[in-house]
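below: sequence and its predicted model.
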Amino acid sequence: MDLTPAELEVAHAIAAAPAVDPMGSGTHREVGGPPPIAAAPVRAPGGLVAYDPADLTVCVGAGTTVAELGALLADEGQECALDPRDSSATVGGTLASGLSGLRRLRVGPLRDQVLEVRFATGDGRLVRGGGPTVKNVTGYDLPRLMVGSLGTLGVLTRVILRCRSLPARRWWGASSEAPGVVAARCYRASAVVWDGAVTRVLLEGNPDDVDAIATAAGLSDCSAPRLPEGPHRGRASVPAASVESFTSSFATFDGVRWLAEIGVGTVHVAADTEAPLARVRGAAHDARGWMLREAGAPGLDGFGVEPANSTLMARLQAAFDPSGKLAPGRMPATRPPREGETP
């Protein structure tokens with residue numbers, strides 16, 4: 001494995017530190033709650049490593065910002081569908097957070113955009129997983145494992161990502177009809193989102209196809225929706241078929257602003273105070289889902305409930321980070337026991 005001086009520097013810094021806080025641009029700093037234990041910040045190198053547009057793959061340092069990557073690929077008429085809330089986020093930070101963008105119906109979840117990862121483990125080893133080809137199926141699927149790990153398994157240093165052609169047209173349309181009705185009329189919509197009053201649809205592709213689908217669905221031109229803003233934010237995940245009934249309970253939650261992804265089951269929520277988010281979390285649990293705290297709400301634990309695979313998570317973290325120094329306490333499997341729990 002060809003290692004750069006910058007990657008070796010990251011590995012040495014991790015090996016020497018008693019606790020490590022993987023850092024990017026800080027845009028996802030509060031997702032799940034920041035590490036509760038003081039730790040030394042470690043940043044990944046950035047910059048282009050290799051790009052051949054004909055291969056539809058690009059290799060960059062994990063510290064590269066999504067905006068920089070997007071500008072590079074756009075010059076060749078391509079993109080990588082990372083779609084973070086803030087394009088100043090780094091590629092590594094976006095992947096580590098695991099938060100997919102609004103276009104999941106068309107491009108798939110965030111983990112589908114990653115082909116190969118390089119990362120430094122808690123004991124300073126540099127590891128590579130995956131491969132540079134789209135159809136690679138060799139070995140353990142470390143790239144998908146790293147997506148959403150919040151830096152608890154390793155610090156990403158370099159990644160190979162899947163590219164795709166930029167759509168000839170990208171258009172948002174709106175309808176006052178129920179989201180399920182609108183979605184059924186739209187062939188391969190990139191996104192269908194609903195705020196309780198207006199259904200918005202993102203169509204991408206050939207201009208004639210976009211026009212035909214928009215006409216069949218009765219859509220009118222509109223601006224792109226904005227994710228709800230506020231000092232306290234969360235992302236609820238419930239069964240896709242339950243989104244409309246789940247959000248109907250929000251009528252009694254004063255101060256909740258929300259946007260639901262139809263067909264996915266993700267509901268973005270924001271509020272000016274913490275209490276409404278706590279009520280949304282309770283409703284999500286009742287709907288057989290959960291809510292991840294994205295920002296603010298210091299009284300809410302990041303995940304709310306122990307994941308069903310928490311025992312497996314603990315075993316993985318012990319393998320990749322035997323001393324428990326990577327983002328300590330960030331994930332349920334690494335946080336200290338709560339009062340009344342058995343360590």
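Ah, there it is.

dump the residue contacts of the closest residue to V210 other than its chain neighbours.
The shortest distance from V210 to any residue other than its chain neighbours is 4.6 Å, reached at L203 (C-beta to C-beta, 6 or more residues apart in numbering). The way it works is simple: take the backbone N, C-alpha and C, and place the C-beta from them, glycine included. By C-beta atoms under 8 Å, 6 or more residues apart in numbering, the contact set of L203 is 169-173, 186, 189-190, 210, 213-214, 219.

same deal with S165?
Under the criterion of C-beta under 8 Å, 6+ apart, the neighbours of S165 are 77-79.

so of the residues you listed, which ones are in strands?
Residues of these located in strands (DSSP state E): 78-79.

if I look at the most centrally placed residue in the chain, how far off is D254?
Here the mean C-alpha position of the chain is nearest to the C-alpha of L99 (C-alpha atoms, centre = their mean), at a distance of 1.4 Å. Counting by C-beta to C-beta, to the nearest Å, the separation of L99 from D254 is 26 Å.

mind listing what's buried along stretch 39-55?
By neighbour count, and taking 16 or more other C-beta atoms under 10 Å as the criterion, the buried residues in stretch 39-55 are 39, 42-46, 49, 51.

cool, and stretch 210-227?
For stretch 210-227, using 16+ other C-beta under 10 Å, the buried residues are 210, 213-214, 217, 219, 225, 227.

stretch 317-333 now?
Buried residues in stretch 317-333, counted by 16+ other C-beta under 10 Å: 317, 320-321, 324-333.

circling back: looking at the residue nearest to V210 now. What's its pLDDT?
L203 is assigned 98 on the pLDDT scale.

and it, that's in a helix?
No - L203 is assigned strand when assessed by DSSP: H, G, I helix; E, B strand; the rest coil, not a helix.

identify all contacting residues around the helix or strand where L69 lies.
For L69, the enclosing helix or strand under DSSP states H and E is helix 66-74. Outside helix 66-74, the residues within contact range by C-beta under 8 Å, 6+ apart are 46, 48, 51, 58, 60, 79-80, 82, 84, 87-91, 94, 161, 163, 166.

and what of stretch 100-110?
Outside stretch 100-110, the residues that touch it by C-beta under 8 Å, 6+ apart are 81-84, 94-95, 98-99, 113, 147-148, 164, 188-193, 202, 204, 225, 261, 263-264, 266.

buried ones among the residues you listed?
Here the buried ones among the contacts of stretch 100-110, as counted with 16+ other C-beta under 10 Å, turn out to be 81-84, 94-95, 98-99, 113, 147-148, 189-193, 202, 204, 225, 261, 263-264, 266.

residue contacts, D52?
Shown in contact with D52 (C-beta under 8 Å, 6+ apart): no residues.

typo on my end, E7
Residues touching E7, when contacts are defined by C-beta under 8 Å, 6+ apart, comprise 45, 118, 120, 126, 157-158.

then M291?
Shown here is M291, whose contacts under the criterion C-beta under 8 Å, 6+ apart are 234-237, 269, 277, 280-281, 284, 304.

go on, V114?
Neighbour list for V114: 95, 130, 143-144, 146-147, 159-162 [criterion: C-beta under 8 Å, 6+ apart].

so for the residues you listed, which is the shakiest by pLDDT?
Note: of the contacts of V114, the lowest pLDDT belongs to G130, at 91.

report how many residues lie close to the residue nearest to it when sequence neighbours are not counted.
Nearest non-adjacent residue to G130, counting by C-beta to C-beta, 6+ apart: E116, 3.7 Å away. Other residues within reach of E116 by the criterion other C-beta atoms under 10 Å amount to 19.

report the beta-bridge partners for E116.
In this structure, E116 has beta-bridge partners G130, I160, where bridges are defined by DSSP bridges.

check A50 too.
C59.
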